[in-house]
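1. this one's sequence-less:
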């Protein structure tokens, strides 16, 4: 067994970090001297500390390590890899959105006014970071294919956005979702909407929202806004529209 100082040097962690991991229950020393209180660590604890150091290096949270256990290293790293992929996707979207803002100049988006009857959207719910949205769209598309549903349009409904947490549903009109498992639904009330056609795909969505907000001749009302994804026959890419409620 080695002292905390020698263990610290061996595993590449500070003594302060090792003590912190002990305090939160991640690790326990193999032996604590009753006379001096000195901590000693066997090879087992040293291997634990190396795993914890590796997991932390790649951004795995202490909460996740505590919940799953450091011995579940492969599972924790796979989950972290997926989180990083979502973060990269979100950052790429932000970069492309910035490019759209910088390059849009005086270009006007195509807009129109629509007055609609209310309808119900049923689908898969996100309550978390925006980066979690693509996974729920993937889930929806998988179920659509499994159920052999023909959907000419889909909806992304923003129920609430607070700080960096979004409450969002990716779904279809409810009449198309019979048999879809574990879905949530939201009613879009009847009323008038300003509709803007998004240019440049998903990265152009923030630009379309900003364009509508800056329009002088409309007054927004308190209701759900949503994205509408239209799937024209024979066209590989969706037509994306932003619908925002107006008086």
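-> Happy to help now that I have it. Bear in mind the structure is a predicted one, so any value in this text is a computation, not a measurement.
2. show me what contacts residue 218?
-> Contacts for residue 218 (CB atoms under 8 Å, 6 or more residues apart in numbering) come out as 194, 212, 246-247. Placement of C-beta: from N, CA and C, glycine included.
3. Any chance of these in CSV with distance to residue 66 and pLDDT as columns?
-> What follows is these, written out as CSV (distance: CB to CB, whole Å; pLDDT from 0 to 100):
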residue, distance to residue 66, pLDDT
194, 48, 93
212, 44, 87
246, 48, 93
247, 50, 88
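4. The residues you listed: which two are farthest apart?
-> 212 and 247 (13.6 Å; CB to CB).
5. would you list every one of the strands in the protein?
-> 2-3, 31-32, 39-41, 111-116, 119-128, 153-162, 165-173, 184-188, 191-197, 225-230, 239-246 (DSSP state E).
6. Need those in TSV (columns: distance to residue 11 and mean neighbour count).
-> Converted to TSV, those look like this (distance: least, CB to CB, whole Å; neighbours: other CB atoms under 10 Å):
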stretch	distance to residue 11	mean neighbour count
strand 2-3	10	16
strand 31-32	17	12
strand 39-41	9	21
strand 111-116	60	12
strand 119-128	33	19
strand 153-162	40	16
strand 165-173	36	21
strand 184-188	45	16
strand 191-197	55	19
strand 225-230	48	19
strand 239-246	50	20
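7. Show me the one of those strands that comes nearest residue 49.
-> strand 39-41 (7.6 Å).
8. Just checking: what are the partner strands of the closest one?
-> As defined by DSSP bridges, the strand partners of strand 39-41 come to strand 2-3 (antiparallel), strand 31-32 (antiparallel).
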